[in-house]
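>>> Output the structure for:
(one chain, ligands or ions: 2)
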Amino acid sequence: MLVREVRVGDAVFGGSKIVLIAGPCSVENEEMVIETARTVVKCGAKMLRGGSWKPRTSPYSFQGLGLEALKILRKAGNEFNIPVVTEVMSAKQIEIASEYVDMLQVGARNMHNFTLLSEIGRSGMPVLLKRGFMATVEEWLLAAEYILKEGNESIVLCERGIRTFETWTRSTLDIAAVPLARNSLGLPVIVDPCHAAGRRDLILPLSLAALGAGADGLMIEVHPDPDKALSDGGQSLSLEEFESYSQKIGAAPQSPCRLKKKNRR
Ligand code: PEP
Ligand code: MN
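Ligands and ions are numbered 1, 2, ... in the order given. All right, here's what the predicted structure looks like:
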């Protein structure tokens, strides 16, 4: 099936090139977002990600900076001329975030939130729809249909792993879901190997597998100092690791992206 192109600024999902989305799990402060954005853009990323409201398992974990995070993302997006995406979990958050970001993300935990899906559909904003970790491919596609039903066709699907009996990874990346989903609705499908693996050593091999399966892009968590990250540090690449990663997946621009000394730690 022909996959439709979904354009978000200069990022074209479902076109001839893969789209690399990169950025921190959570927006922690302006400095770390700008530093990360500078590096990932240099290395070929076409969209910046960053969590503003975080769906944390524990209510006592860092919940995100909210509006402040949105302002930081917008600033970074403008400075580096790159579209930005953040996750929303409620109708109110859709309204607020739409003023600042270029694409809204529905996270795994909210894939079954049908009211949210319909609201996002009505917002007309481009959507990154992650697969719920307990959802079948069919349930995931039906979630996309909730958005399509409201007349919003700017949807990019994201496979991020499902829960299985395996404990050595956070989730299990379902590679078969990539061509299955892609060929069913004709929407672009990207892969998030970070949340699937939960560990940074598997990010490259899972990315290569995703590209082999026909993924239209990849979403990668990057942090200037992963050991100190407020969320998901263990599955985030450092700036130096991202530089090498982008070359290995063929996303880096022609001249190898070399980070300036000051960006190295
Ligand atoms: C995320 O992308 O930061 C995230 C929370 O992912 P998921 O919803 O797939 O767990
Ligand atoms: Mn994360």
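>>> So, low pLDDT: which residues of the stretch 151-265 of the chain?
For the stretch 151-265 of the chain, the stretches flagged by pLDDT under 70 are 254-265.
>>> what's the burial count for the residue in it that ligand 1 sits nearest to?
Closest residue of the stretch 151-265 of the chain to ligand 1, C-beta to the nearest ligand atom: residue 160 (3.9 Å). C-beta coordinates here come from the backbone N, C-alpha and C atoms, glycine included. Using other C-beta atoms under 10 Å, residue 160 has 24 other residues around it.
>>> For it, which non-adjacent residue is spatially closest?
Closest residue in space to residue 160, ignoring its immediate chain neighbours: residue 192 at 4.1 Å, by C-beta to C-beta, 6 or more residues apart in numbering.
>>> got the contact list for the nearest residue to residue 97 once chain neighbours are set aside?
The shortest distance from residue 97 to any residue other than its chain neighbours is 5.2 Å, reached at residue 88 (C-beta to C-beta, 6+ apart). If a contact means C-beta atoms under 8 Å, 6 or more residues apart in numbering, then residue 88 has 53, 94, 97, 104, 105, 106, 116, 120 as its contacts.
>>> between the residues you listed, which is closest to ligand 2?
Distance to ligand 2 across the contacts of residue 88 (C-beta to the ion) is lowest for residue 105, with 10.8 Å.
>>> and the nearest residue to residue 121 once chain neighbours are set aside, how many neighbours does it have?
Leaving out its chain neighbours, the residue that sits closest to residue 121 by C-beta to C-beta, 6+ apart is residue 150, at 2.7 Å. Other residues lying near residue 150 total 15 when counted by other C-beta under 10 Å.
>>> got the residues of the stretch 151-265 of the chain near ligand 1?
160, 195 (C-beta under 6 Å from any ligand atom).
>>> can you give me the strands in the stretch 151-265 of the chain?
Ranges of strands in the stretch 151-265 of the chain, per DSSP state E, counting those that start in this stretch, are 155-159, 189-191, 217-221.
>>> which helices and strands does the second one pack with?
The reference is to strand 189-191. strand 155-159, helix 177-185, helix 203-212, strand 217-221 (3 or more C-beta pairs under 8 Å, 6 or more residues apart in numbering; DSSP states H and E).
>>> Just to confirm, what confidence does the model report for the residue nearest to residue 97?
pLDDT for residue 88: 98.
>>> how close does it get to residue 94?
Noted for residue 88: a distance of 5 Å to residue 94, by C-beta to C-beta, to the nearest Å.
>>> Please identify every residue contacting each of the two.
Joint contacts of residue 88 and residue 94 (C-beta under 8 Å, 6+ apart) are 104, 116, 120.
>>> OK, contacts around the last one?
Listed by C-beta under 8 Å, 6+ apart, the contact partners of residue 120 are 88, 94, 104, 106, 127, 147, 150, 152.
>>> Neighbours of the last one, how many?
When you say that, I think you mean residue 152. By other C-beta under 10 Å, the residues close to residue 152 number 20.
>>> Number the residues from 335 up from this point.
OK, 335 is where the count begins now, so the last one is residue 486.
>>> Show me what residue of this structure gets nearest to ligand 1.
residue 441 (2.9 Å).
>>> Secondary structure class of residue 402, three-state.
Look at residue 402: counting by DSSP: H, G, I helix; E, B strand; the rest coil, its state is helix.
>>> so how far is residue 522 from it?
Residue 402 is 31 Å from residue 522, by C-beta to C-beta.
>>> Show me which of these two is the more surrounded one.
When residue 402 and residue 522 are compared for neighbours, residue 522 comes out ahead with 24 against 13, by other C-beta under 10 Å.
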